[in-house]
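S.K.: here are the coordinates; sequence isn't available:
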């Protein structure tokens, strides 16, 4: 005999998922909600479960196995009640086991103060957490989040309002915006700002400021990490007291932020709203350069998080957090991997995101960002992550290191400061924090590793690239386009580097990819935008190359970075047959006099400078010497190459190249002068350096010597030079004939008296 199916079993499944006291049960539902009997008698009736939330109510009907009846009855209770000024969500459920459950979600939404007809809320067929129900309801009610371009436009317009009459200082605008976003989480504040009426004097605007401050303090209190420098939130946002808008305009600003940003983005784990606001508010005010901060574009943040290849239990570290963008994108990825499991999502938010930030404004923004996306501030640390750098030493550095090790970070994603070689310091520090086999994804100046290789060669240095590679493997380098940070007024050659915390095997092939163009274009008032929708395809190609080692001619290649035990890091052409280092073809030296062009003493000796026109000097450094003089230190003339044969002196901005090995590599210097001039732009892109955060270009001697160029057979060299010299002679003859012809024509014109003869 078949076992009788029980409605109680269905109800118990519902209770066990949400908890015993989460919903009101039939017998406890107050009469003032006005439910009427489903028997249509006009008497009172009650659904099986009920919950009154802030903006909506949830009505639940459960049946043992009659799913259609559960649907019909939940719809009845959604229609027949006295609930006012709230949306209504209905849930119909049936089934005797977790595997056999059938469930459907409905909604009635208030539109212009009237409830709509019953509609499907979602097509989900599993029991959803209250958090997920709220997310789905929010999207159903308010629509999807506005586009990136629309958000940029909104924030730009908001910035103009802040700027008008200097109502909000440029350096406070991002904090003010974040403060309003935080305050809107406070239900008391929501009621306060809506209820304040137009005052007779101007005092109510001041009261609104105090309400904002109180809401911020209430929302952000507690959860300060014990390793953080002390921060008092009310003091941090105290400037709000000085802000003065007309009350109606003030309320309109808050209402617009609530409806256009706060509500639509409330459940968007990824979106770094405050980072975008920070960039817009400061860049529009022309101040972003003063912070020595370069904010990573969103599509590159997303790329770097994807390159980190996160798993759901990964702990993610950012040792220079800024407004928190990388952590936001990592949070989005981790939450998606949690597949809606609330316990896992809560653990991710509270325990799997670690951030360091020393700048108080950026720290406040990062904490605000974390708060707005679930509040993971317990692992936000207000201090430098560097443990042993001059002026940044902390007495409790070892305790801090031990604390981070207990959290077991396996992935670190950073965009460190670029000035004063700090990028390398942050790389070194990040590797120290990571677990064995942990991964670091970092964007920094392309020259960083080479720069620290050169420094190590000049003096014994613990923190050198060679020593870094003793504890970390370089997996790939993705060179970024120089225009990447143009929106922020910077032209910087950067690369994304990928490391794993284990010693680098010298036989390992490293993947090099050159992203010459990301496809984004600068659009007025919108920043850099993917107008042609090229980025997804470019991103897919990058992943294919990095993950599968795919080589694409002109874009990517693999090579070892250790050659015969020697580290060779320079950005150069792919090693191929016939290509050799410049240092193998030429003796490369600097003029021993090291004279600056402005300090030469005029004389009879050619003085070769960076300019095309030479000067003179009174003393020769080189006598009866055939050489090339290559410009390495003058940005405007970088890559210029001069040929000379005789006595000369060269500027301190130049390198002098002479033939090195006549037997193995005989060279015609005139040929290579032509060659160097032909690849001038390529060399500038491949070898230009980074100095003190500026975009000034230069070429170091050691990097120049290891740059590979093709060696051409000497007979072909001579043939090319002979042809070029013949062409030059022919051109000279043509020029002479042209001059002679011009003279003859001039004489004819001057000597003629009859216009008809002309």
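M.R.: Yep, that arrived. Owing to the predicted nature of the structure, the values given are computational and were not obtained by experimental measurement.
S.K.: let me know the pLDDT of residue 77.
M.R.: pLDDT recorded at residue 77 is 96.
S.K.: return the backbone torsion pair for it.
M.R.: The phi and psi values for residue 77, taken as degrees, to the nearest 10, are phi -70, psi -30.
S.K.: so who does it touch?
M.R.: Counting by CB atoms under 8 Å, 6 or more residues apart in numbering, residue 77 makes contact with 35, 38, 45, 47, 59, 61, 90. Bear in mind the C-beta positions are built from the backbone N, C-alpha and C, glycine included.
S.K.: lowest-confidence member of these, which is it?
M.R.: pLDDT across those is lowest for residue 38, at 87.
S.K.: helix, strand or coil for it?
M.R.: coil (DSSP: H, G, I helix; E, B strand; the rest coil).
S.K.: that one and residue 118, how far apart?
M.R.: 15 Å (CB to CB, to the nearest Å).
S.K.: tell me how far stretch 55-67 lies from the chain's centre.
M.R.: Chain-centre distance of stretch 55-67: 45 Å, with CA atoms, centre = their mean, to the nearest Å.
S.K.: any residues touching that stretch, and which ones?
M.R.: Outside stretch 55-67, the residues that reach it (CB under 8 Å, 6+ apart) are 5-7, 9-11, 14, 23, 33, 47-51, 69-71, 73-74, 77-78, 83, 86-96, 102, 104, 107, 133, 137, 141.
S.K.: out of those residues, list just those in strands.
M.R.: Secondary structure from DSSP state E places 49-51, 87-94, 102, 104, 107 of the contacts of stretch 55-67 in strands.
S.K.: closest to residue 533 out of those?
M.R.: When the ones in strands among the contacts of stretch 55-67 are ranked by distance to residue 533 (CB to CB), residue 107 comes first, at 33.7 Å.
S.K.: once you drop chain neighbours, what's closest to that closest one?
M.R.: Nearest residue to residue 107 in three dimensions, chain neighbours excluded: residue 121, at 4.2 Å (CB to CB, 6 or more residues apart in numbering).
S.K.: from memory the one you found sits against residue 137, does it?
M.R.: Yes: when contacts are counted by CB atoms under 8 Å, residue 121 is listed as touching residue 137 (6.8 Å).
S.K.: centre of the chain to stretch 111-118, how far?
M.R.: Stretch 111-118 sits 42 Å away from the centroid of its parent chain (CA atoms, centre = their mean).
S.K.: quick check: buried residues in it?
M.R.: Buried residues in stretch 111-118, counting neighbours by 16 or more other CB atoms under 10 Å, are found at 115, 118.
S.K.: what is the least confident helix or strand in the chain?
M.R.: Within the chain, no helix or strand scores below helix 273-284, which has a mean of 60 by mean pLDDT, DSSP states H and E.
S.K.: so after it, what's the next helix or strand?
M.R.: Going down the chain from helix 273-284, the next helix or strand is helix 298-307, by DSSP states H and E.
S.K.: name the surrounding residues that touch the following helix or strand past that next one.
M.R.: Moving toward the C-terminus from helix 298-307, the next helix or strand (DSSP H and E) is strand 316-318. Outside strand 316-318, the residues that touch it by CB under 8 Å, 6+ apart are 308, 310, 324, 326-327, 330, 334, 352-356, 404, 409-414, 430, 433-434.
S.K.: repeat that for 10 Å
M.R.: Contact with strand 316-318 is made by 305, 308, 310, 324-327, 329-331, 333-334, 348, 352-357, 366, 379-380, 385, 404, 407-416, 430, 433-435, 438, 440, as judged by CB atoms under 10 Å, 6 or more residues apart in numbering.
S.K.: next secondary structure element downstream of it?
M.R.: Downstream of strand 316-318, the first helix or strand assigned by DSSP H and E is helix 325-337.
S.K.: overlap of the contact sets of residue 121 and residue 137?
M.R.: Shared contacts of residue 121 and residue 137, defined by CB under 10 Å, 6+ apart, comprise 87, 89, 105, 107, 109.
S.K.: what's across from the second one in the sheet?
M.R.: Pointing back at residue 89 there. residue 58, residue 107 (DSSP bridges).
S.K.: related to what we said a few turns ago, of the contacts of residue 77, keep whichever come out buried.
M.R.: The neighbour count (16+ other CB under 10 Å) marks 35, 38, 45, 47, 59, 61, 90 as buried among those.
S.K.: got the residues you listed as CSV, with distance to residue 626 columns?
M.R.: Formatted as CSV, the buried ones among the contacts of residue 77 follow (distance: CB to CB, whole Å):
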residue, distance to residue 626
35, 102
38, 104
45, 106
47, 98
59, 94
61, 97
90, 91
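S.K.: show me which pair in those residues is furthest apart.
M.R.: The widest separation within those (CB to CB) is 14.6 Å, between 45 and 90.
S.K.: buried set for the strand or helix carrying residue 510?
M.R.: Assessed by DSSP H and E, residue 510 sits inside strand 509-514. For strand 509-514, the neighbour count (16+ other CB under 10 Å) marks 510-514 as buried.
S.K.: likewise stretch 248-255?
M.R.: Applying a neighbour-count criterion of 16+ other CB under 10 Å, one finds 250-251, 253-254 buried in stretch 248-255.
S.K.: what of stretch 10-17?
M.R.: The neighbour-count check on stretch 10-17 (16+ other CB under 10 Å) flags 10-11, 13-15 as buried.
S.K.: go on, stretch 78-96?
M.R.: By neighbour count on 16+ other CB under 10 Å, the buried set for stretch 78-96 is 78, 81, 83, 86-96.
S.K.: equivalent analysis for stretch 436-455, please.
M.R.: 438-454.
S.K.: for stretch 707-723, same thing?
M.R.: Neighbour counts using 16+ other CB under 10 Å place 707-709, 711-712, 717, 720-721 of stretch 707-723 among the buried residues.
S.K.: which ones among those are found in strands?
M.R.: 708-709.
S.K.: want to throw the buried residues of stretch 707-723 into a markdown table with pLDDT and distance to residue 154?
M.R.: Converted to a markdown table, these look like this (pLDDT from 0 to 100; distance: CB to CB, whole Å):
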| residue | pLDDT | distance to residue 154 |
| --- | --- | --- |
| 707 | 78 | 48 |
| 708 | 78 | 51 |
| 709 | 84 | 52 |
| 711 | 90 | 59 |
| 712 | 91 | 59 |
| 717 | 95 | 62 |
| 720 | 94 | 60 |
| 721 | 95 | 63 |
